[in-house]
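Asks: quick one, what's the 3D model for this:
(2 chains, ligands or ions: 2)
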Amino acid sequence: MTEAEMVPIYIMGKRYTVPGALTIMGALEYAGYKLIRGVGCRAAFCGACATVYRIEDDPKLYVGLACGTQVQPGMHLTQIPFYPAERAQYRLDELEPTFATLVKLYPQVLKCLGCGTCTKSCPQDLQVKDYMAAAMRGDIARLADLSFDCIMCGMCVSRCPAEEAQPNIAILGRRLYGRYLAPKAQHLAERVAEIEQGEYDDELAQMKALPEAELRQRYNTRDIEPE
Amino acid sequence: MDGYTPAMRESIKKVEATRPARLRETWPMMTPAEKQEILQRFHPDYKPEGMRALKVGPGKGMRTPHELADLLEAHSLLRQEELDLENIDYDTDVLIIGAGGAGSAAALLARQEGAKVLMVTKLRHGDANTMMAQGGIQAADKATDSPTHHYLDVMGGGHFTNDPDLVEALVRDAPEVIAWLEGLGCMFDKEPDGTLITIHGGGTSRMRMHSARDYSGAEIMRTLRDEVRSYPEDITVIEFAPAVELIMDDRGQVAGAVLLNLETGEHCVVRAKATIIATGGSGRLHYQDFATTNHYGATADGVVLAYRVGADVSFLDTMQYHPTGAAHPTQIVGLLVTEKVRGLGAQVCNIDGNQFVYPRETRDVEASAIIRECVEREKGVVTPSGFTGTWLDSPMIDLIHGPGTIQKELPAMVRQFARFGVDIIRDPMLIYPTLHYQNGGVTLKPDGSTSVPNLFGAGEISGGVHGRNRLMGNSLLEVTVYGRRAGRAAGRRAREVTLGTLTLSHVERWEKEIAEAGIETDVSSPLILPDYTRHGR
Ligand SMILES: Cc1cc2nc3c(=O)[nH]c(=O)nc-3n(C[C@H](O)[C@H](O)[C@H](O)COP(=O)(O)OP(=O)(O)OC[C@H]3O[C@@H](n4cnc5c(N)ncnc54)[C@H](O)[C@@H]3O)c2cc1C
Ligand code: FES
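Replies: Ligands and ions are numbered 1, 2, ... in the order given. Next comes the predicted model:
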């Protein structure tokens, strides 16, 4: 297929002909939609543009990000710009990084069937089933690691027969990990204390007071830390 | 599927052929004189025909790109509307306009000051430039580093035009902000003993770039968003409700805003004791027709709103063109290739596989060198859709740091290109400068206040911190440092202020001013959303 070739697609059942090189998002706009929902970053980072589609003569349902998926001839598509996933209420600083916390806030974690529909529906190709399994074992570090690239588009939630809220469980896991389980940065705490105690006040004041020519001179001759 | 054409493959062979030699080669940095010359000849900011002087408002006489000038010299969207300001839909202590990183940080700190917060935003909470930042955030927290080193790098990066007080606050608060984020559960990259992993960025003299894989901004944004969602009784968030005009009171203070419900078309009135503008940048104005890395809502709305109530602005004549935007495949043209790729050692080379610039010059210089290589020296690679670019030799990274590094450190980049048939672990990526960041904006003071009473600002909307050029990693930092500062200051202000009667008389005054300045325009602003219908951008 050349870049300029036009292809037929079906937006919520209606046929349009669009350049085959476009993303689904580009195609929606080419067709004349001025998007309000279902668009955010346009670069596969925000999860606003989850789309479900099917290709003619293929019974399978596919999911993709409208901003990160090229159109195909005979694509039948609809966007799912919002999905009402459950989010538990909590304050991170009142929690403990344990299995009990996960289960208390999201009791349905235990109801996961392990069917893997979530993994199949992830446009980021994450092992959602595996991170849910980690959650069921209380392995918060693994839950955090495996779910790290989640952009919270909600497609897994929309397809889950057990009505799990995977992205919200995952962010809880990552925040528990980041705050409580990851090793603390000692040098960071020390630097914060030094600054609070005013250790850099004098040298900063001196640097600020330098005439511009002198500042330039310092800048142009400053040493660069080797890698 | 091979994402590269046979002609591109020929050039890639040359890149591969020079790679072993380049691995031992360090291209010299430019001298200050060479930098000045290349900027003048090739940087878009230096093109006189790209800008004009503003004829009206607090920035009268300042130069700015036509696309922004058109919006600053435009009519109010409320010109023809009959609004009843006595009919208040929301009454709050602190109104925050824009729920990106700066807005979210501000909301948390304003709440800590005891304020009730209303945060309104154009798209969803977190559909924002902050979500897209990949490379990282700067802070001087290593033994080899200090806030003073950081200060010098920021000033030099900004060509010594920055406001020193703003820079001082930035570098001083930086370690504290990282510690704050760590406490909120941000998963920064760390060594097993907890030491934060830091690398160089363009223009840094010390390795102080912190990252969270290449989802650094996403990790910060989603963490702040989740934290905001933990206080529903104090912080209310309304999505798809952009502010279209600020409201003043009869004492000359900002006192809230008019919102537009994007789905129903209705307006509503917010009264607020203090207002923070945190609407981010303006990449979607596509200055000089450049593609952009920015999210869909980056249309300079906040600058327009603040301008109309008379807020001082600065550095509106300088935009950042990121040296490495994708030039191929077509579907991702303009999207960011994170600076971390160069930070990890990838070099930039031309169609013959030769280096032509030190890979970590400041962004303006690096971008100018790439433009020169393509435009003047004609050593760029032309793509099937007619774009031109130079190579960024990503496979070097695994050769330098060991196999698996690219996959581990740059998962978002690997995915972005793989979606359209390019494997950046095996093949280099084709890049060209792309519109990335608004260096200037509403002039801030160190506490996040502006020249207008009761109006605060934070984030990419601001002007002065970065001077004429921002270094990578200093805007995620600015977003959190100044988001927190503005939130704190606005929260305190809300405790002491007494509002008068609400008015939109400044809008009438504005209409008079543009008429008197002889401006004839059919543009109304803010833009709110770009119009890509029937374009296929
Ligand atoms: C692709 C990319 C990569 C980047 N990488 C880095 C990096 O590695 N390191 C770094 O330091 N910086 C980086 N930056 C820059 C940095 O991310 C941004 O400058 C910063 O996040 C801006 O934050 P903000 O809160 O000011 O604006 P945003 O995060 O953009 O938030 C502003 C919010 O306000 C909303 N809004 C706009 N208009 C209105 C209105 N009228 N009413 C209500 N809401 C409105 C927007 O939709 C948005 O949600 C990057 C930027 C981009 C685009
Ligand atoms: S628009 Fe953000 S993921 Fe597609």
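
Asks: hmm, who's touching stretch B:164-178?
Replies: Residues outside stretch B:164-178 that contact it (C-beta atoms under 8 Å, 6 or more residues apart in numbering or on different chains) are A:185, A:188, A:191-192, A:195, A:200, A:204, A:208, B:137-141, B:147-148, B:150-151, B:154-155, B:158, B:188, B:196, B:210, B:444-446, B:464-465, B:474, B:477-478, B:480-482, B:484-485. The C-beta positions use only the backbone N, C-alpha and C, and glycine is treated the same way.

Asks: so which bits of that stretch are buried?
Replies: B:164, B:166-178 (16 or more other C-beta atoms under 10 Å in any protein chain shown).

Asks: quick one: mean pLDDT for it?
Replies: What stretch B:164-178 shows for mean pLDDT is 98.

Asks: chain center to that stretch, what's the gap?
Replies: Mean-position distance between stretch B:164-178 and its chain equals 18 Å (C-alpha atoms, centre = their mean, to the nearest Å).

Asks: go on, stretch B:256-273?
Replies: 25 Å.

Asks: that older thread, show me the contacts of stretch B:164-178 that map onto helices.
Replies: When helices are assigned by DSSP state H, the members of these inside them are A:188, A:191-192, A:195, A:204, A:208, B:147-148, B:150-151, B:154-155, B:474, B:477-478, B:480-482, B:484-485.

Asks: ChimeraX command for the buried members of the residues you listed?
Replies: Buried residues within those, by 16+ other C-beta under 10 Å, are selected in ChimeraX with:
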select /A:188,191,192,195,204 /B:147,148,150,151,154,155,474,477,478,480,481,482,484,485
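
Asks: can you tell me the SS state at B:A494?
Replies: Put simply, B:A494 is helix when judged by DSSP: H, G, I helix; E, B strand; the rest coil.

Asks: and if you look at B:A218?
Replies: With three-state DSSP as the basis, B:A218 sits in helix.

Asks: OK, contacts around it?
Replies: A:F45, A:I151, B:M131, B:M132, B:A133, B:A212.

Asks: and ligand 2, which of the residues you listed contact it?
Replies: For ligand 2, the contacts drawn from these by C-beta under 6 Å from any ligand atom are A:F45, A:I151.

Asks: out of the contacts of B:A218, which comes closest to A:D93?
Replies: Closest approach between these and A:D93, by C-beta to C-beta: B:A212, at 20.4 Å.

Asks: circling back to that earlier point, between the buried residues of stretch B:164-178, which is closest to B:A106?
Replies: B:V177 (13.0 Å).

Asks: residue 20 - how many residues pack around it?
Replies: Because you didn't say which chain, this covers chain A. Counted with other C-beta atoms under 10 Å in any protein chain shown, the neighbours of A:G20 add up to 19.

Asks: actually chain B
Replies: For B:P20, using other C-beta under 10 Å, the count is 10.

Asks: likewise B:E511?
Replies: That count, for B:E511 with other C-beta under 10 Å as the rule, works out to 13.

Asks: equivalent analysis for the one 5 residues further on, please.
Replies: Using other C-beta under 10 Å, B:E516 has 10 neighbouring residues.

Asks: okay, stretch B:337-356 in CSV with CA atoms only?
Replies: Extracted in CSV, the C-alpha atoms of stretch B:337-356 (Å, rounded to 0.1, in the frame of the first residue of the first chain):
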residue,chain,number,x,y,z
VAL,B,337,12.2,11.3,20.5
THR,B,338,13.3,11.8,24.0
GLU,B,339,16.6,13.5,24.7
LYS,B,340,17.4,10.5,26.9
VAL,B,341,18.4,8.7,23.7
ARG,B,342,21.3,11.2,23.3
GLY,B,343,21.8,11.1,27.0
LEU,B,344,22.5,7.4,26.8
GLY,B,345,25.1,8.0,24.1
ALA,B,346,23.3,7.9,20.7
GLN,B,347,25.0,10.2,18.2
VAL,B,348,23.4,12.3,15.4
CYS,B,349,24.6,11.6,11.9
ASN,B,350,23.8,12.6,8.3
ILE,B,351,22.9,10.6,5.2
ASP,B,352,26.6,9.5,4.8
GLY,B,353,26.7,8.2,8.4
ASN,B,354,29.0,11.1,9.5
GLN,B,355,28.6,13.0,12.7
PHE,B,356,28.2,16.8,12.3
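
Asks: which parts of it are buried?
Replies: B:337-351, B:353-356.

Asks: could you do stretch B:388-407 as well?
Replies: B:388-398, B:405-406.

Asks: also stretch B:7-18?
Replies: Buried residues in stretch B:7-18, counted by 16+ other C-beta under 10 Å: B:M8, B:S11, B:I12, B:K14, B:V15, B:T18.

Asks: can I get those in a markdown table with distance to B:V244, secondary structure and pLDDT?
Replies: Putting the buried residues of stretch B:7-18 into a markdown table (distance: C-beta to C-beta, whole Å; DSSP: H, G, I helix; E, B strand; the rest coil; pLDDT from 0 to 100) gives the following:
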| residue | distance to B:V244 | secondary structure | pLDDT |
| --- | --- | --- | --- |
| B:M8 | 46 | helix | 96 |
| B:S11 | 49 | helix | 98 |
| B:I12 | 49 | helix | 98 |
| B:K14 | 53 | helix | 98 |
| B:V15 | 49 | helix | 98 |
| B:T18 | 54 | helix | 98 |
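
Asks: ok, and the closest non-adjacent residue to the spatially most central residue of chain B?
Replies: Central residue of chain B (C-alpha atoms, centre = their mean): B:Y437, 4.2 Å from the mean position. Using C-beta to C-beta, 6 or more residues apart in numbering or on different chains and skipping residues adjacent in sequence, the residue nearest B:Y437 is B:Q320, 3.7 Å away.

Asks: name all residues that make contact with that neighbour.
Replies: With C-beta under 8 Å, 6+ apart, B:Q320 has these contacts: B:R363, B:D364, B:L435, B:H436, B:Y437, B:Q438, B:N439, B:N469, B:R470.

Asks: try it again with 6 Å
Replies: Neighbouring residues of B:Q320 by C-beta atoms under 6 Å, 6 or more residues apart in numbering or on different chains: B:R363, B:H436, B:Y437, B:N439, B:R470.

Asks: rewinding a little: against B:E478, how distant is the residue nearest to the centre of chain B?
Replies: 11 Å (C-beta to C-beta, to the nearest Å).

Asks: and the worst-scoring helix or strand of chain B on mean pLDDT with ligand 1, contact?
Replies: Across the helices and strands of chain B, mean confidence by mean pLDDT, DSSP states H and E is lowest for helix B:340-343: a mean of 90. No - legend: contact between helix B:340-343 and ligand 1 by C-beta under 6 Å from any ligand atom is lacking; minimum distance shown is 7.4 Å.

Asks: give me the mean pLDDT for the helix or strand just after that helix.
Replies: Counting by DSSP states H and E, the next helix or strand C-terminal to helix B:340-343 is strand B:348-349. Mean pLDDT, computed over strand B:348-349, is 97.

Asks: repeat that for stretch B:509-525.
Replies: Mean pLDDT, stretch B:509-525: 96.

Asks: gap between the two ends of that stretch?
Replies: Length of stretch B:509-525, first residue to last, C-alpha to C-alpha, to the nearest Å: 16 Å.

Asks: same thing with stretch A:102-112?
Replies: First-to-last distance for stretch A:102-112 - C-alpha to C-alpha - comes to 13 Å.

Asks: pLDDT score assigned to the closest residue to ligand 1 within chain A?
Replies: Proximity to ligand 1, evaluated over chain A using C-beta to the nearest ligand atom, is greatest for A:A43 at 6.4 Å. On the pLDDT scale, A:A43 is placed at 94.
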